[in-house]
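>>> have a look at this prediction, sequence included:
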Protein chains: 2
Amino acid sequence: MSHSRKPAPAGAEHAPLELEHFLPYRLSILSNTVSQAIANDYQRRYDLSMTEWRVMAVLARFHGLSAREVAERTAMDKVAVSRALARLVEAGRVHRQTHGGDKRRSVLNLSEAGWLIHDDIAPMARARERDVLAKLDAEERQWLTRILDKLLGAPQNENGER
Amino acid sequence: MSHSRKPAPAGAEHAPLELEHFLPYRLSILSNTVSQAIANDYQRRYDLSMTEWRVMAVLARFHGLSAREVAERTAMDKVAVSRALARLVEAGRVHRQTHGGDKRRSVLNLSEAGWLIHDDIAPMARARERDVLAKLDAEERQWLTRILDKLLGAPQNENGER
DNA sequence: CCGTTATAGTTACAATTGAAACTAATTGCA
DNA sequence: TGCAATTAGTTTCAATTGTAACTATAACGG
């Protein structure tokens, strides 16, 4: 099975992108591959979407968040969070109360069942992360962390830092 | 605007993930941010989805591909490609012929109009890539390339290389 | 040849997602 | 106070996407 194909014929002056060397494309492939690998671990087992898992993950770390705060921490939009929460509450995995001083807000926490699921998934997720990092040596891992810190640091910022 | 929130109360032994340090999550944020920035450049201007743009990008580099080959090169599934092509052909941006020796296959190429669009977008995409890379110094850029090569190299591979 | 199996690509239908409108509660301030 | 503007969260409807089934053609094996 040959895998070659004529790239741009001589004379054509179009400077096409080479996707396989194009950073945004490569990031996209890598990110999807990695996230999908993790998602496979829990989607079937718990009928949990990636969105829902992310919500659970932040609620495991921060207790009593409101939906908006969850949205902030997960970088998802509030509609997605609202829907994820609806399913999680319905499934008895998240506990929702109303905030004392502000009846618009909810006060969210993992339920006992939610914690059990979390405590099963979190180690699997970490194991997948290790699988990825295992392809790198110690030096590369350090650089990767540093590079991501820089690239994510000030994402060209949407709402100025003042 | 305080931004702190109690992380896990003392005594709770649950080892929650810290999303902000979790590689898959960080990759996902970075990838989405970057791809979206590029997409903003062409979506409005040309009413072009990311999928369609990717198809155009490979057709700019490889002439006369079949739909399946486009799917391979873009890492998209064949239904997505089929739909993107339907729109692109409809809009007169891609030329579709039938393969001589195999009437199932199509032979795809950018049309004149397609090339014009390509030649407008490709430099913008490259500029966005530069914006991202500008946040790194030369050494970091080299490491990033090397790291991505390794991580993407054998993605646990689906169809072995034999 | 003829029937089975495989491949290219499309279509149909359900599930997911996104954008905008909406409800309810709170805040700001005249 | 009291009314306009904000904020939290949900709902609705349309667009996008994913999965499976489908059509048409080609390849294979006796």
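Nice, thanks for sending it over.

>>> can we go C-alpha only for contacts and neighbour counts from here?
Noted.

>>> pLDDT below threshold where in chain A?
Residues of chain A that meet the criterion pLDDT under 70 lie in A:1-12, A:154-162.

>>> in it, what residue comes closest to DNA strand C?
When scored by C-alpha to the nearest atom of the strand, chain A has A:Asp102 as its residue closest to DNA strand C, at 3.4 Å.

>>> near DNA strand D, which residues of chain A?
Residues of chain A found near DNA strand D (C-alpha under 7 Å from any atom of the strand) are A:66-69, A:78-79, A:81-83, A:85-86, A:104-107.

>>> which among the residues you listed gets closest to chain B?
For these, the residue nearest chain B by C-alpha to the nearest C-alpha is A:Glu69; the value is 9.5 Å.

>>> tell me how many other residues crowd that closest one.
By other C-alpha atoms under 10 Å in any protein chain shown, 17 other residues sit near A:Glu69.

>>> with only the CA atoms kept, save the helix or strand harbouring it in PDB.
Using DSSP states H and E, A:Glu69 maps to helix A:67-74. What follows is helix A:67-74, C-alpha atoms only, in PDB (Å, rounded to 0.1, in the frame of the first residue of the first chain):
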ATOM      1  CA  ALA A  67     -22.800  26.700  38.400                       C
ATOM      2  CA  ARG A  68     -21.100  29.800  37.200                       C
ATOM      3  CA  GLU A  69     -18.000  29.100  39.200                       C
ATOM      4  CA  VAL A  70     -18.000  25.600  37.800                       C
ATOM      5  CA  ALA A  71     -18.200  27.100  34.300                       C
ATOM      6  CA  GLU A  72     -15.300  29.400  35.000                       C
ATOM      7  CA  ARG A  73     -13.100  26.600  36.300                       C
ATOM      8  CA  THR A  74     -13.900  24.200  33.500                       C
END
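
>>> what's that helix packed up against?
helix A:50-61, helix A:78-90, strand A:106-110 (3 or more C-alpha pairs under 8 Å, 6 or more residues apart in numbering or on different chains; DSSP states H and E).

>>> the ones you listed: which one's closest to B:Arg54?
helix A:50-61 (24.8 Å; C-alpha to C-alpha).

>>> now for the closest one, which elements pack on it?
helix A:67-74, helix A:78-90, strand A:106-110, helix A:112-133.

>>> so does stretch A:93-105 get close to chain B?
No. Applying C-alpha under 8 Å from any C-alpha of the partner chain, one finds stretch A:93-105 out of contact with chain B, separated by at least 15.0 Å.

>>> first vs last residue of that stretch, how far apart are they?
Stretch A:93-105 stretches 19 Å from its first residue to its last (C-alpha to C-alpha, to the nearest Å).

>>> ok, back up a step: burial measure for the residue of chain A closest to DNA strand C, as a count.
Neighbour number of A:Asp102 under other C-alpha under 10 Å is 8.

>>> how about the secondary structure of it?
Under DSSP: H, G, I helix; E, B strand; the rest coil, A:Asp102 falls in the coil class.

>>> A:Ala15 now?
Three-state assignment for A:Ala15 (three-state DSSP): coil.

>>> tally of neighbours for it?
Applying the criterion other C-alpha under 10 Å, we find 13 residues in the vicinity of A:Ala15.

>>> contacting residues around it?
By C-alpha atoms under 8 Å, 6 or more residues apart in numbering or on different chains, the contact set of A:Ala15 is B:119, B:122.

>>> again with A:Arg73
A:Arg73 touches A:Val58, counting by C-alpha under 8 Å, 6+ apart.

>>> would you mind measuring from it to B:Ile29?
12 Å.

>>> circling back: now the residue of chain A closest to DNA strand C: how far from A:Val94?
20 Å.

>>> about what we covered before: so which of the helices and strands packed on helix A:67-74 gets nearest A:Arg126?
Closest among the helices and strands packed on helix A:67-74, using C-alpha to C-alpha: helix A:50-61, at 12.2 Å.

>>> got the angle between that closest one and helix A:112-133?
For helix A:50-61 and helix A:112-133, the angle between their directions (axes from the mean of the first three to the mean of the last three C-alpha atoms, to 10 degrees) works out to 110 degrees.
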